[in-house]
Every structure is written in C-alpha cells, then in structure tokens.
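Trainee: need a structure here:
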Amino acid sequence: MANESIFLVFANTDIGLQLETGILAPAGYEVTLFGEGQMVREMVKARLPDLIILGDQLMDGDGLELARQLLSSFPNLPIILVPDDPSEMLEVKSLRLGLTDYLVPPLNAEKVLQSVQGSLERRKRLEEWVKLEFKRNTKSLQKRVDGMEALQRIGRSVTALLDLDNVLKAVVDAAVELTGAEEGSLLLLDETSGELYMRAARNFQEDFVRTFRVPIRDTLPGQVLRTGKPLLLDVKTPQKIKTSYLVHNLIYVPLQAQGRMIGALGVDNRQSGHPFADHHITLMSALGDYAAIAIENARLYSRTEIERKKLETILTQVEDGVIVLDHDGRLILVNDAVRFAFNLGRSNLVGKHAEAVIQHTDLVDLLLEGKRNQPSRSEITIEDGRVFNAQLTPIPDVGLAVTMQDITHLKELDRIKSDFVTTVSHDLRSPLTAILGYVELIDRAGPVNDQQREFIRRVQFSVNNITALINDLLDLGRIEAGFDALKEIVPLSAIIRYAAEGYRNRLEEKKQHLTLEIADDLPPVLGNPVRLRQMIGNMIGNAIKYTPSGGKINVRAKSEEGQIIVQVCDNGPGIPPADQPYIFDKFYRASNIPADTPGTGLGLAIVKSIVENHQGRIWVDSLLGQGSTFTVVLPIADEDL
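Mentor: Model (predicted):
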C-alpha cells in the first residue's frame, strides 16, 4: 500500500480533503489533490498515478469527460467516481465508460479503502501478469500480450452493451476464446431459491442449459460464491459438477457487484490433456470484473428503460397536453394532445428548439418564461377556439414541463355565469339606489330615535356593501368584454402617486408606512388612465387590508428592456403556495385569511383583467410569514403615437 500514488480531482474541496486527510493519507497512500482537469492531464504525462478518484463536476469541466480522455490514453488506469449528485443514470454512464467503481456519498473509510484496494488489486493483477509473462520466451509473451489486448477490447465492448442477453453471451464467448476452453457458462444466483442457474452458455445443449440448477452448498460453483475466490481444477479423474456433467479441467471465478456475490463465470474441458494455467485465472478474473459491471449496468439500464417507457406511455396517451424541454429550450417530449392541438404532425421533434417548432405566440412566450425558473400559468386559445389552462413547472436537472388542460367548457360556463351576474347586477342596481335614496330621506320625514337611527345606519352599510360588489362585478364585466378599448398616452408615475394619495386616511388608521420608489425617467404607457389608477389602487388597497397595523408597504416602478415594472410589496401574512396559482381568480380568497375579513375576492381579478387588457403580465411572489410582492409588467408606449 505504501508509496502507491492517488490523484484526487474534485471541485468540492470538502470531499477532496475528507478523502485525503481523513482516509487515504492515514492509510499510507501518497495523495495529490486537484481541482481542475487540465492540471491532471498535464501531470499524468509526467507521472502516472496508480489510481484516480474524481467527482462528476470539476472546476473546469465534466468529470466523466476527463475519465474518458484518460482511459483512451491509459486503458488500465483505475478510476473511481464519487458523484456530487448521485443517480442511476450517472452510475450507468460511469460503468459503461469503464470506470472501476462508483462510490455514493456519504463516504466512510471502510467503503473507500475497500474500493481503492479492490481497484489497485485489479490493476496489480494485470501488471503482475504482464511482468510474469515477460520473463518467459518471446512467443509465449506475445500470446499473453495478445490475450490482454483481446481482453481489453472485449471488456470495452461488453460494458458498451446494455441488452442483458447480449452482454452475457459476449462474456461467455470471450471466456471460451481467451482460455481455449471446450465449454463456457455464466451462472447467476437465484436469490429466491438460493440456487445457481445457467443464464448463458457456449457449447452446451439447450435442454441442459434450461434445466441446469445447482445449490450453493456442496458444489464447485457454489464454493466460489461462498469463498469469493477463483477455483482452478486440473485432475485426471473427472469431477462431477452435476449428473452427466463431468470435467477434467475447470476454472470458476466469482462475479461480484456492489459488494455482493451475484454469480460465477466458468470454463471447462471434458477431455483430459488441456489443463488451464494460472494466467488463465488472471484473464478470467479480469473478465469477471467486466462481466459483473456489465450485468449490473444492464440491469440498471433495463430497469430504467422499463420505468421510462411506462412514463412515456402515460404522458403520450394522457388527454392533457404535455411538453417537456431541457435547459437549452430543446424538446424532450411532446405528447399527442399537443401535436393535435397545435398541428405539429407526427415527425420526431426531440432535440429541436421549441420556438422553431411551435408557432403559437402565447405558448412560446410561456415557454420563454421558464428562464425565470419560476412556476407560471397562462390561458392559451388555439385556432379552433378551444382554451387551455397551461401550467409551467421547472424540473431540477431536466428543464421544465408544461401541462395543458382543455378548459373550453369551463370558460363557456364562466361566460354564462358572468352574463347572468351582469344581468342580475343591472337589475339590482336600480332598486338598491331607490332603497338607499329613501333611507337617506327618512330623517326628513320626521323625528327618528336612536334605535331607529342605528337601524338606518345598518341598512345604509349593507346597501353600500352590496352596491360596491355590484359595481365591482359590472366593472369586471366591462373590462373582460373589452369596453375600455380607448387608450391614450398615460404618465404612470402620476397615476401611482394619485392612487397612493387616495389611501392616506386608511394608512393613518392602521398606522402603516407607505413608501414610493418611482424612477425619475419612468416612460409613459398606452392605456386607460381610469383603469390604470384602479389597478394601482386595488393593489395598494389589497396590501393595506392584509398587512397588520404598523406594517410597511412599498411601491416601486422602473423601466427595463422596453417594459415598465411596477411592484407592490408588503410584510403581511403571505400567501400559502397552494393558493398562489389561483389568487387572481374571481371570488378566490387565500386559505389563511380569517373568515370575518371583509372582501369579495374580486379586487385582484379586476387587477389581472386590467393588466391583460393592457398587454401586460402579473404574478405574485410570496412567503408565509414574510409578506408578498405583486409584480406588473406593462409595455412602454410607442414614442411615435
């Protein structure tokens, strides 16, 4: 162990220092720590280490790419991967590349030293074999070198195959060819029965392979699994493996994956006179290592593929539209519902940029919002008149997903409801006005005692509340119907100040502090000044209502990239995450608002309608117990208007 050198390559210096000072250096290894792959590439040219342990993320690149480059120049160099963010797919990639081990944090000395020692011993076995054969005659040495080269080639091809049947067949074929054996077999452990069965074979009858089963106890292949050591047999009297299966010469080597025995790789000669040598054990052991990696690799891949196909089938067949993009905006998945709705045809769209494929402006705009790495929602209307509720969700390590539900029937119901509410509101407005007028005339009709005056006050209060609700409903109906189409150049800074001034009394009542941060050079917008004042007023009024007495409210306005950004911030109770997607819906109130808090749930719905009527966007960022920030983005007015 002493004087064996190990290079550590980690961007995360904590892991590197833990391995160096806490595990490897105390165990007697000569350790050098690097943070950049380029330094390692230069150093190995001058001094090749015995082992490299690296992370998947380096300061200047990808750990697996560095491993690939090193293995292309030094195929026998043992490399162990310690990932920052472990995953089955990363493990599959590393094993497929030919790395000797894959260690998942948290790390402990026993696990690390076992992996290091196993990797070094594997390399040492190969090096010792080369040195041993070098002492023999040139012809024998050339055969050994040819065998090693063949082993490396076969090992690389084995680790590149992911179909388990092909993997196992390649392993057995390689074992027979490298040793010159008559027969070869790969036995795997049936963990249910505790027996070994023949999973792959060469030069055996199919019926024999299908029925072959032997226990681990009191059998030669079982001995290999029990001891974890290779078995070499060379006898004149045939030895029984199973009934009718007698051999003179035999090699079995154990197959080990993730610290557990999974089977044995064997070759045999039924005819006497063809013994195996020690170097065949070395070759078989090396091939067994490759086989174990390949088997585990194939199993992981098979399991991953099964789950992937299940998920893909579900997403493809589901009635809701589903789009998945990577971090570069390239399509990963587009299901049939999206293809049909947006006329995308049946061609393969995977890997293409979304904006190059999807021509619908609103959907492209929603996808571009994914760069903010925040959930978002939008209503998208397609050519045939259907309306979709599209929800964008960032997915760590993948990109983003958009799900789209057809809400056309809900929009129609909402329209019918709005028409009904508008009609009823109009019908109620006249009698309510009459009631309020007559109530105000009661004092003039004669003396009124205190009790009667209190009754009158309550009637006025109730009628005023109902009138305010009706006015909000009628306002919302007019805005949604587009009756406020006339717009003009509006100085938004003046609108904000005017709207804020209207709430001075309410601010004083609750002892709240309102600050305005309005850029001096704030450009104008094209809009309806009455509606814009209503928008700002509703946002400020909403903040005042839900911010506790003595709280702070801040209104900010600035221009950025051709847009005006207005934000109203408060330090109120915040909005629960589950409520945030619906906070702008009509009549919706957050679940953490006390039931006796006055309000109709229309204020923010009116704000959203006004914003959208001005080609703007609105969203909320909120944390429970810390407050909320409502952000409105409006386009700057064209200077030529």
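Trainee: next, the buried residues of the helix or strand that Gly263 is a member of.
Mentor: If you go by DSSP states H and E, Gly263 is part of strand 260-269. Using 16 or more other Cβ atoms under 10 Å as the test for burial, strand 260-269 gives Met261, Ile262, Gly263, Ala264, Leu265, Gly266, Val267, Asp268, Asn269. For the C-beta atoms, the positions are set from N, CA and C on the backbone; glycine is no exception.
Trainee: tally of neighbours for Arg299?
Mentor: 16 (other Cβ atoms under 10 Å).
Trainee: kindly report the same for Thr237.
Mentor: Thr237, neighbours per other Cβ under 10 Å, totals 7.
Trainee: and Phe74, by the same measure?
Mentor: Neighbours of Phe74 using other Cβ under 10 Å come to 14.
Trainee: for Gln374, same thing?
Mentor: For Gln374, the number of neighbouring residues by other Cβ under 10 Å comes to 12.
Trainee: surely it is in a helix?
Mentor: No. Counting by DSSP: H, G, I helix; E, B strand; the rest coil, Gln374 is located in no helix; its state is coil.
Trainee: which secondary structure elements does the helix or strand harbouring Leu255 sit against?
Mentor: Per DSSP H and E: Leu255 is located in strand 245-257. Counting by 3 or more Cβ pairs under 8 Å, 6 or more residues apart in numbering; DSSP states H and E, the packing neighbours recorded for strand 245-257 are helix 220-227, strand 231-242, strand 260-269, helix 278-317.
Trainee: so what's the most centrally placed residue in the chain scoring on pLDDT?
Mentor: Residue closest to the mean C-alpha point of the chain, counted by Cα atoms, centre = their mean, is Pro396 at 3.3 Å. In this model, Pro396 is scored at 86, pLDDT.
Trainee: what does Arg144 give?
Mentor: pLDDT, Arg144: 64.
Trainee: for the one 3 residues further on, same thing?
Mentor: Per-residue pLDDT puts Gly147 at 63.
Trainee: just the C-alpha atoms of stretch 548-556, please, in PDB.
Mentor: Presented in PDB, the C-alpha positions along stretch 548-556 are these (Å, rounded to 0.1, in the frame of the first residue of the first chain):
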ATOM      1  CA  PRO A 548     -51.100  44.200  10.000                       C
ATOM      2  CA  SER A 549     -51.200  47.600  11.800                       C
ATOM      3  CA  GLY A 550     -47.800  49.300  11.900                       C
ATOM      4  CA  GLY A 551     -46.700  47.300   8.800                       C
ATOM      5  CA  LYS A 552     -44.800  48.600   5.800                       C
ATOM      6  CA  ILE A 553     -45.900  48.800   2.200                       C
ATOM      7  CA  ASN A 554     -43.500  49.700  -0.700                       C
ATOM      8  CA  VAL A 555     -44.500  50.600  -4.300                       C
ATOM      9  CA  ARG A 556     -41.700  50.500  -6.800                       C
END
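Trainee: neighbouring contacts of that stretch?
Mentor: 496, 500, 507, 510-518, 536, 540, 543-544, 547, 565-573 (Cβ atoms under 8 Å, 6 or more residues apart in numbering).
Trainee: pretty sure Gly562 is in contact with Val633, am I right?
Mentor: No. Checked against Cβ atoms under 8 Å, the pair Gly562 and Val633 is beyond contact range at 10.3 Å.
Trainee: just put the buried residues of strand 260-269 in a markdown table and tack on pLDDT and distance to Ile456.
Mentor: What follows is those, written out as a markdown table (pLDDT from 0 to 100; distance: Cβ to Cβ, whole Å):
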| residue | pLDDT | distance to Ile456 |
| --- | --- | --- |
| Met261 | 90 | 92 |
| Ile262 | 90 | 89 |
| Gly263 | 92 | 93 |
| Ala264 | 93 | 98 |
| Leu265 | 94 | 98 |
| Gly266 | 93 | 103 |
| Val267 | 92 | 106 |
| Asp268 | 91 | 109 |
| Asn269 | 90 | 113 |
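Trainee: same list, those, but as a markdown table with distance to Ile6 please.
Mentor: Below are those laid out as a markdown table (distance: Cβ to Cβ, whole Å):
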| residue | distance to Ile6 |
| --- | --- |
| Met261 | 27 |
| Ile262 | 28 |
| Gly263 | 31 |
| Ala264 | 31 |
| Leu265 | 29 |
| Gly266 | 34 |
| Val267 | 34 |
| Asp268 | 39 |
| Asn269 | 41 |
